[in-house]
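Student: Sharing a model that was predicted from the sequence below.
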Amino acid sequence: MNEKGKSFRDFSLAIALLVICGFFALVSPQFLGARNLSLLLTELSITATLALGMLLVILPGHIDLSVGSGVGLLGGIASVLIFEHHWPAPAAMALSLLIGLLIWFGMGTFVFRHRFPPFSPSPRCRITPPAPPPAPLVAELAPEKQLLSTGSTILWYLTGLPAMATPCGFTSGDKPLPLSMQIIGKPFAEETVFKLCHAYQCLTDFHLQVPPIAANVAVGV
């Protein structure tokens, strides 16, 4: 780091961009042509617009992870309106933009009113389902599949990451079956995983409930 407090890392992206542009300019002289540069600017205009919007969010120390998925959703809506319902492109784009404004305005209002903390770019934990489907009945599960019914839990066994599953509800229908979620922490963050599970169970009572099918079996016994 020099006297002004700047390091090589601060300029690494700009240097990498210059190196990439220089490489393609040497390999293909047409890279710096007017036609190619105009095409690149057109393709980058969407990303640049998003970057300017994200700058306003990041400057006060917040982060919004829904921008990419939101753009994909709005692009899909516009595409369906244009190709499936034969809307004019300007009308489809205008409606998609309006939907986007309503979605993000609602999200911003909800976060501001409830004082949600900003999302961390490096989350302390991740939440996943232990298995894609709900827990099956043992009688309905073939013996050769019972040994392979660990779902996504085996990944954390192999990597050594702390993980814990906790009940989070029941399926709908005549025979409700229990559902659970899996909290995975960073290496050696067992305490954080325990605290999160404990906090969730303090706010809910799913871990105290018994599925009707289990209650019927207990009565029969």
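Tutor: Structure received. Numbers count the residues shown, from 1 in each chain.
Student: Would you map the helices across the protein?
Tutor: 12-27, 34-58, 67-83, 89-114, 143-146, 153-159, 190-203, 212-220 (DSSP state H).
Student: Would you tell me which of those gets closest to residue 166?
Tutor: In terms of CB to CB, the element of those nearest to residue 166 is helix 190-203, at 4.9 Å. Backbone N, C-alpha and C define where each C-beta goes, glycine included.
Student: Can you pull out the residues in contact with the closest one?
Tutor: Helix 190-203 is contacted by residues 124, 125, 162, 163, 164, 166, 168, 183, 184, 185, 186, 207 when judged by CB atoms under 8 Å, 6 or more residues apart in numbering.
Student: Stretch 73-90 too?
Tutor: In contact with stretch 73-90 (CB under 8 Å, 6+ apart) are residues 91, 92, 93, 95, 96, 97, 99, 100.
Student: Are any of those residues buried, and if so which?
Tutor: Buried members of the contacts of stretch 73-90, scored by 16 or more other CB atoms under 10 Å, are 92, 93, 96.
Student: Can you give me every residue that contacts the last one?
Tutor: When the contact criterion is CB under 8 Å, 6+ apart, the partners of residue 96 are 74, 75, 77, 78, 81.
Student: just to revisit the earlier point, nearest to residue 15, of the contacts of stretch 73-90?
Tutor: Using CB to CB, the contacts of stretch 73-90 come closest to residue 15 at residue 100, 34.6 Å.
Student: What separation do you get for that closest one and residue 169?
Tutor: 31 Å (CB to CB, to the nearest Å).
Student: Please apply the same query to residue 23.
Tutor: 53 Å.
Student: Give me the more crowded residue out of those two.
Tutor: Per other CB atoms under 10 Å, whichever of residue 23 and residue 169 has more neighbours is residue 169, with 14 against 11.
Student: beta partners for the more buried one?
Tutor: Taking DSSP bridges as the rule, residue 169 bridges to residue 179.
Student: show me what contacts it?
Tutor: For residue 169, the contacting residues are 178, 179, 206, by CB under 8 Å, 6+ apart.
Student: with the residues you listed in mind, which one is nearest to residue 29?
Tutor: Distances from residue 29 to the contacts of residue 169, taken by CB to CB, are shortest for residue 179, at 59.8 Å.
Student: Thought residue 166 was touching the closest one, still the case?
Tutor: No. Contact criterion CB atoms under 8 Å: residue 179 and residue 166 do not qualify, at 10.4 Å.
Student: can you count the residues close to the nearest residue to residue 92 once chain neighbours are set aside?
Tutor: Distance criterion CB to CB, 6 or more residues apart in numbering; nearest residue to residue 92, sequence neighbours excluded, is residue 81 at 3.9 Å. By other CB under 10 Å, 18 other residues sit near residue 81.
Student: Could you tell me how far residue 81 is located from residue 45?
Tutor: Taken as CB to CB, the span from residue 81 to residue 45 is 22 Å.
Student: do the same with residue 55
Tutor: 16 Å.
Student: What of residue 212?
Tutor: 56 Å.
Student: Repeat that for residue 167.
Tutor: 48 Å.
Student: same deal with residue 34?
Tutor: Residue 34 is 17 Å from residue 45, where distance means CB to CB.
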